[in-house]
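> have a look; sequence and predicted model below, questions after that.
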Amino acid sequence: MLKKGSKLNSILTGSCPTCHEESMYLDKNPYNVLNVYKMHENCSHCGTKYKMEPSFFYGAMYVSYALGIAFGVAAFIITYFFVGEKSLINNFIVIIATLIVFMPVIMRLSRNIWVNMFISYDKDWKQHINEKKKPTLR
C-alpha cells in the first residue's frame with residue numbers, strides 16, 4: 001500500500017516527492033508545534049527544491065481547508081451515528097476538539113499533498129543526479 005514510488009507514500013510519510021529517501025521536515029513529529037513548518041530547503045539525496053517559489057505553500061491553505069472539512073465531517077459522523085450523541089452542541093464541541101487536536105497533522109498533510117501535486121516520483125533520480133555532475137563538452 002505505501003510502496004516507494006507512490007504519491008500516497010510521500011504524502012503520508014512527508015518524504016521527498018522525487019526520491020522518497022528523506023523527510024522534507026526538520027522534525028518528523030508534527031506535534032512539536034514550534035517546528036511544524038520548518039522544512040529542509042533541498043533534499044540531500046536528489047537535490048529537489050521544496051519551495052519552488054517564495055509563496056509556494058500558500059496554496060496548501062486550500063488543501064488544508066478541504067482536509068479540515070473532511071476531519072470535521074468524520075468527527076460528526078462518528079459522534080452522531082456510532083457514539084449515539086444526538087445533541088448538536090455536543091457534536092459541535094467534538095468537531096472543534098477534533099480540529100484542534102489534529103491541526104498539526106492537517107497542516108503537514110496539506111503541505112505534503114500540495115507539493116506532491118507539482119513534483120512526481122522519479123525512479124531514475126540517481127541517474128539524473130550523475131548526469132548533472134558530468135562535465136559537458138562544448
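Arrived safely. Numbers count the residues shown, from 1 in each chain.
> tell me where this structure has helices.
With DSSP state H as the criterion, the chain has helices at 7-13, 60-77, 88-101, 103-118, 125-133.
> count of neighbours near the residue lying closest to I11 once chain neighbours are set aside?
Closest residue in space to I11, ignoring its immediate chain neighbours: N112 at 4.5 Å, by Cβ to Cβ, 6 or more residues apart in numbering. Yep, even glycine has a C-beta here, placed from its N, CA and C like the rest. Neighbours of N112 under the rule other Cβ atoms under 10 Å: 22.
> residues in contact with the least confident helix or strand in the chain by mean pLDDT?
Here the helix or strand of the chain ranked lowest by mean pLDDT, DSSP states H and E is helix 125-133, holding a mean of 72. The contact list for helix 125-133 (Cβ atoms under 8 Å, 6 or more residues apart in numbering) reads 18-19, 45-47, 122.
> what do you get for stretch 31-47?
With Cβ under 8 Å, 6+ apart, stretch 31-47 has contacts from 16, 18-19, 21-22, 24-27, 29-30, 48-51, 104, 107-108, 111, 122, 125-126, 128-129.
> compute the first-to-last residue distance for stretch 98-107.
The straight-line separation of the ends of stretch 98-107 (Cα to Cα, to the nearest Å) is 14 Å.
> list the buried ones in that stretch?
98-99, 102-104, 106-107 (16 or more other Cβ atoms under 10 Å).
> dump those into TSV; add distance to S87 as well.
Formatted as TSV, those follow (distance: Cβ to Cβ, whole Å):
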residue	distance to S87
T98	16
L99	18
F102	22
M103	24
P104	28
I106	25
M107	30
